[in-house]
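**Q** Sequence first, predicted model second:
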Amino acid sequence: MCTLIVATGIWRTSPLLVAANRDELLDRPARPPAAVVQGGVRFFAPRDLQGGGTWIGVNAKGVFVGITNRFMPGRSRSAPRSRGLLVLDALSEDSAAHAVRRVASEPPSRHEPFHLVMADRHEAHLVWNDGERHHHEPLAPGLHVVTERSFGAAPTPRIDRLRRELPALFGPEPPPPERWMAVLRDHGDGDGMEGTCVHAPQMRYGTRSSSLVALGPQPRFWHAEGPPCTAAYVDLSEAFARVLG
């Protein structure tokens, strides 16, 4: 599943702000965010230790990349390459526009369906894949919600609820991190699969981690290694800022 909330071009002090929950199988191994150098590219990201990729990250050029899967019931075909590796491909680029071009060059059937956000301090884009072709959506200044059910994949009350609640965060200055963290902790109406923070122990599935990323004059990165309703957010901004130079 996963939820990405992207605020782009709203606040001068935080031209890009992303609040994200990662939903995954509870026993899939992962590593918390850290500075990484790969192929000569420096970036800050967690790591999926099973597929080798990541689901969220920012490189030294200030390019943010985040991914969700795309809900495709009944799909039986398996793609040859992990979607997390596509995030690493995009993080190797020096701008969001170049990251879009890199992803668009990939054969659509090489990865399982996805929604991929690529943004920097100047612009934001979303490329989504339905298994047959790539679709490109420039993201205008404002607040955007992306989940596995976006762009007509399937109905979900989670997106509608967030779209009702998020306008309250608009103001002359970005809300404090605690406000965003409260959004990421929300369980909605109590349905374990439809909260922003997901709990489905019967499926051995749920929100595995949560991140809040702000790009601007003072870059910030907070991360909870576990469901944010129980795991504390840790401020990783010092290590994050070193990657951004």
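**A** Sure thing, it's come through. Numbers count the residues shown, from 1 in each chain.
**Q** Which parts of the protein are helices?
**A** Counting by DSSP state H, the chain has helices at residues 83-91, 96-104, 157-165, 177-185, 237-244.
**Q** I'd like those helices laid out as TSV, including mean neighbour count and distance to residue 230.
**A** No exception for glycine: its C-beta is placed from N, CA and C like everyone else's. Formatted as TSV, the helices of the chain follow (neighbours: other CB atoms under 10 Å; distance: least, CB to CB, whole Å):
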stretch	mean neighbour count	distance to residue 230
helix 83-91	23	25
helix 96-104	19	34
helix 157-165	15	19
helix 177-185	17	9
helix 237-244	16	22
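**Q** among those helices, which is nearest residue 42?
**A** Ranking the helices of the chain by their distance to residue 42 (criterion: CB to CB) puts helix 237-244 first, at 5.5 Å.
**Q** by contact count, what packs against that closest one?
**A** strand 30-38, strand 41-48, strand 56-59, strand 220-224 (3 or more CB pairs under 8 Å, 6 or more residues apart in numbering; DSSP states H and E).
**Q** any idea which of the ones you listed is most buried?
**A** strand 56-59 (a mean of 26; mean count of other CB atoms under 10 Å).
**Q** and that one, which strands flank it?
**A** Strand 56-59 pairs in its sheet with strand 41-48 (antiparallel), strand 64-69 (antiparallel), by DSSP bridges.
**Q** ok, now how distant is residue 122 from residue 63?
**A** Distance of residue 122 to residue 63, given as CB to CB, to the nearest Å: 10 Å.
**Q** More neighbours: which of these two?
**A** Set side by side, residue 122 and residue 63 show more neighbours around residue 63, with 26 against 13, by other CB atoms under 10 Å.
**Q** okay, the nearest residue to that one once chain neighbours are set aside: pLDDT?
**A** Spatially, and ignoring its direct neighbours in sequence, residue 63 is nearest to residue 120 (5.1 Å; CB to CB, 6 or more residues apart in numbering). Residue 120 carries a pLDDT score of 97 in this model.
**Q** Would you agree residue 120 is in contact with residue 61?
**A** Yes - the pair residue 120 and residue 61 qualifies as a contact (CB atoms under 8 Å) at a distance of 7.4 Å.
**Q** Those two - which one has more neighbours?
**A** Counted by other CB under 10 Å, residue 120 and residue 61 do not tie: residue 120 has more neighbours, with 24 against 20.
**Q** which residues does that one contact?
**A** Contact analysis of residue 120 by CB atoms under 8 Å, 6 or more residues apart in numbering lists 16, 61, 62, 63, 64, 95, 96, 215.
**Q** Ok, residue 103 next?
**A** Contacts for residue 103 (CB under 8 Å, 6+ apart) come out as 86, 89, 90, 116, 118, 127, 134.
**Q** and if we set it to 10 Å?
**A** 65, 86-87, 89-90, 93, 111, 114, 116, 118, 125, 127, 129, 134, 136 (CB atoms under 10 Å, 6 or more residues apart in numbering).
**Q** Beta-bridge partners for the residue nearest to the spatial centre of the chain, please?
**A** The centroid of the chain falls nearest to residue 66 when counting by CA atoms, centre = their mean (3.5 Å). Beta-bridge pairing for residue 66 (DSSP bridges): residue 56, residue 117.
**Q** That one contacts residue 125, doesn't it?
**A** No - contact criterion CB atoms under 10 Å: residue 66 and residue 125 do not qualify, at 11.7 Å.
**Q** Before I go, just wanted to say thanks for your time.
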